[in-house]
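S.K.: Give me the fold of what follows.
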Amino acid sequence: MAERFGARLGRRANGQKVGWVMGKDKAERPDWDTYFMNIARVVATRGNCARRKVAALLVKDQQIISTGYNGTPRGVKNCCEGGCPRCRSEAPSGTDLQDCICSHAEENAITQAAYHGIAVRGGTLYCTLSPCLICAKMIINSGIVEVVFENAYEFSRQTKTLLMEAGVYCRQLRRR
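M.R.: Numbering: from 1, shown residues only. Presented below is the predicted three-dimensional model:
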């Protein structure tokens with residue numbers, strides 16, 4: 001039996017040893033970053049914005065504590081059903097943002113946790129897109145310590161500098 005299975009060992013961020021046994025024919029387990037980003041991609045499919053599907057996943061101690069996707073606020077007609085005047089228009093990307101009523105995925109993940117009384121301080125935020133300046137301020141003020149994003153979307157120098165100055169570790173995860 002030992003010849004048929006190979007043991008894999010690793011270490012968590014806190015130095016704790018972890019191990020598992022896998023069959024030769026079974027696929028490798030994804031690392032934590034890949035695992036959480038894969039889940040974020042699925043969460044993005046729930047987004048109701050007519051223009052873009054984005055998701056954020058809040059994780060603390062390797063446990064998912066909240067998810068969020070972009071779309072209209074709770075109780076408001078969904079964007080994909082005509083709820084957002086900007087998304088109904090033909091405004092080019094990045095324009096007429098003052099008319100958009102949709103909430104960003106990061107905002108929704110943070111406020112969803114607050115709605116249910118869940119502390120996010122010390123957590124990591126996994127996002128399918130890099131955060132905007134407004135979301136960066138919410139990330140900082142909520143006590144999130146790390147942001148892992150997949151794709152950069154207008155990730156301005158000001159946003160990067162603000163996160164760095166506040167001590168929020170920010171990194172891009174490249175798809176494998």
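
S.K.: can you pull out the helices in this protein?
M.R.: Ranges of helices within the chain are 32-44, 85-88, 105-115, 133-142, 157-165, based on DSSP state H.

S.K.: Outside of the fourth one itself, list whatever touches it.
M.R.: I take that to be helix 133-142. Under the contact criterion C-beta atoms under 8 Å, 6 or more residues apart in numbering, helix 133-142 has outside partners 104, 106-107, 110, 120-121, 125, 131, 147, 156, 158-159, 162-163, 166, 168. Bear in mind the C-beta positions are built from the backbone N, C-alpha and C, glycine included.

S.K.: most neighbours per residue, which of the helices of the chain?
M.R.: Comparing the helices of the chain by mean neighbour count (mean count of other C-beta atoms under 10 Å), helix 105-115 ranks first with a mean of 22.

S.K.: could you give the mean pLDDT of that helix?
M.R.: Averaging pLDDT along helix 105-115 yields 96.

S.K.: just stretch 65-77 next, same as before
M.R.: Per-residue scores along stretch 65-77 average to 90.

S.K.: quick one: buried residues of that stretch?
M.R.: Residues of stretch 65-77 classed as buried: Ile65, Ser66, Thr67, Gly68, Tyr69, Asn70, Gly71, Thr72 (neighbour count, 16 or more other C-beta atoms under 10 Å).
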